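Asks: Structure, please.
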Amino acid sequence: MSKLPKVTTSIFSVMSQLANEHGAINLSQGFPNFPVDERLLQISERLIRENIHQYTPMAGLPSLMEKIALLTEKNYQRKVNIGTEMLITAGATQGVFTTINTFVTAGDEVLILDPSYDSYEPSVLVAGGKPVRVSLNHDYSPNFNTIEDAITLKTKLIVINNPHNPTGRIWTESEIENLEAILEKYLQILILSDEVYEYISFSHPHISFNTRPKLIERTIVASSFGKSLHVTGWKVGYLIAPEKLMYEMKKVHQFLVFSVNSFSQNAIAEYLDVVDFSEVAKMYKAKRDLFQSLLKNSRFELMPCDGTYFQVVNYNKISNANDVDFAKELITKHGVASIPISVFYNDATDRQMLRFCFAKTDETLIAAAEKLNQI
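Replies: Down below sits the predicted model:
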């Protein structure tokens, strides 16, 4: 009997395979196609010959954890005890899985806001919990009436993804305050705040749950160096949570992966001394602005992009086809791969939206835009 009977080949794999078959420009998968920072390569080349290839401590490399603590205090004014409140994970996805499988048991309900990243629901199902999918508004802002209506005595956890994949939206201060007002009534609910795009914000600042004193004692924050440093294949992320929650998560973590890749942890620890995260945001803003400017005279309607490296577009002036079919047509007839937004919904809500990833070289974006402008 399968724990995940509905899970098939992911849409990301489907679209990438189709793109490969047709020689299309791949703006579907969410990872950069440009080189990493030369300084990180130089650090890596030197470290690879050093004695850093055995297990690190289970919770993470102490030097890396110390740098993360400094980063968290600098950006969020939160002091983190690295011995009791931090865990290095094999990517943020493992952090999400570990969190959910630590606190969710059979019959527990988990609120997931749609459109949602595809790893949340499977993690809940493997834990024996019940995913409760709640749709965001048409502009992808949270609907607090439907969120509160979905809460029951069985609700154990709510997953917040901010900045948001796939829509690129960032929650405002008032929206976070509205959530706080609701959750003050339901003290049994924990918060998993997926903030993997925290350093990629444009229109207004990302507000981390690290900064929310009303909720901090029941919040687990997930972060990703893969996203922040464009080294997605290194699979290094981290969790920050209060000691009482972290103590339990470490129990699951140690039997899931025990410890994370030692080389990557050492290289990132040293690189954090020189990297400027504000420059990361500037670089991606330039790419967003370039991509938007290239498409401004196309027949696609550009949706707001507050953060992340994803641009959502509406194609209803071009076709009446459903978004999955149109995304496939875009590959086979026009040579550009995207992701249809309906796949991020439990009920396959289709508003004729596609997601493009602009974490690509300028040459790639220009070539893709030339094709899209001809439609």
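
Asks: show me where pLDDT drops low in this structure?
Replies: Along the chain, the model assigns pLDDT under 70 to no residue.

Asks: can you give me the helices in it?
Replies: 11-22, 38-47, 62-76, 91-103, 120-126, 144-150, 173-183, 225-228, 243-256, 262-271, 277-295, 323-334, 362-372 (DSSP state H).

Asks: I'd like the ones you listed written out as JSON lines, with mean neighbour count added.
Replies: The C-beta positions use only the backbone N, C-alpha and C, and glycine is treated the same way. Shown next, in JSON lines, are those (neighbours: other C-beta atoms under 10 Å):
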{"stretch": "helix 11-22", "mean neighbour count": "16"}
{"stretch": "helix 38-47", "mean neighbour count": "14"}
{"stretch": "helix 62-76", "mean neighbour count": "18"}
{"stretch": "helix 91-103", "mean neighbour count": "24"}
{"stretch": "helix 120-126", "mean neighbour count": "21"}
{"stretch": "helix 144-150", "mean neighbour count": "14"}
{"stretch": "helix 173-183", "mean neighbour count": "15"}
{"stretch": "helix 225-228", "mean neighbour count": "24"}
{"stretch": "helix 243-256", "mean neighbour count": "15"}
{"stretch": "helix 262-271", "mean neighbour count": "21"}
{"stretch": "helix 277-295", "mean neighbour count": "17"}
{"stretch": "helix 323-334", "mean neighbour count": "19"}
{"stretch": "helix 362-372", "mean neighbour count": "18"}
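
Asks: just so I know, which of these lies nearest residue 54?
Replies: Nearest of those to residue 54, taken as C-beta to C-beta: helix 262-271 at 6.5 Å.

Asks: Check which helices and strands the closest one sits against.
Replies: helix 38-47, helix 62-76 (3 or more C-beta pairs under 8 Å, 6 or more residues apart in numbering; DSSP states H and E).

Asks: any chance of those in JSON lines, plus distance to residue 212?
Replies: JSON lines is the format used below for the helices and strands packed on helix 262-271 (distance: least, C-beta to C-beta, whole Å):
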{"stretch": "helix 38-47", "distance to residue 212": "32"}
{"stretch": "helix 62-76", "distance to residue 212": "10"}
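
Asks: out of those, nearest to residue 232?
Replies: Closest approach to residue 232 among the helices and strands packed on helix 262-271 (C-beta to C-beta): helix 38-47, 13.4 Å.

Asks: so how far is that closest one from its chain's centroid?
Replies: Here helix 38-47 is found 26 Å from its chain centre; the criterion is C-alpha atoms, centre = their mean, to the nearest Å.

Asks: what angle sits between that helix and helix 262-271?
Replies: For helix 38-47 against helix 262-271, the angle by axes from the mean of the first three to the mean of the last three C-alpha atoms, to 10 degrees is 130 degrees.

Asks: per the record, what domains does the chain have?
Replies: 11-30+277-372, 52-271 (automatic domain parsing).

Asks: Could you dump these into TSV and include distance to residue 45?
Replies: Formatted as TSV, those follow (distance: least, C-beta to C-beta, whole Å):
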stretch	distance to residue 45
domain 11-30+277-372	22
domain 52-271	10
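
Asks: Out of those domains, which is closest to residue 39?
Replies: Between residue 39 and these, the tightest spacing by C-beta to C-beta is seen for domain 52-271, at 6.8 Å.

Asks: Off-centre distance for the closest one?
Replies: 9 Å.

Asks: just use 52 as the starting number from now, easier for me
Replies: That works, and once the first residue is 52, the last one we named lands at domain 103-322.

Asks: what's the distance between residue 269 and residue 239?
Replies: As judged by C-beta to C-beta, to the nearest Å, residue 269 and residue 239 stand 9 Å apart.

Asks: Likewise for residue 287?
Replies: Counting by C-beta to C-beta - residue 287 and residue 239 are separated by 32 Å.

Asks: more crowded one of those two?
Replies: residue 287 (26 against 13; other C-beta atoms under 10 Å).

Asks: Now do the contacts for residue 82.
Replies: By C-beta atoms under 8 Å, 6 or more residues apart in numbering, the contact list for residue 82 reads 281, 283, 284, 408, 410.
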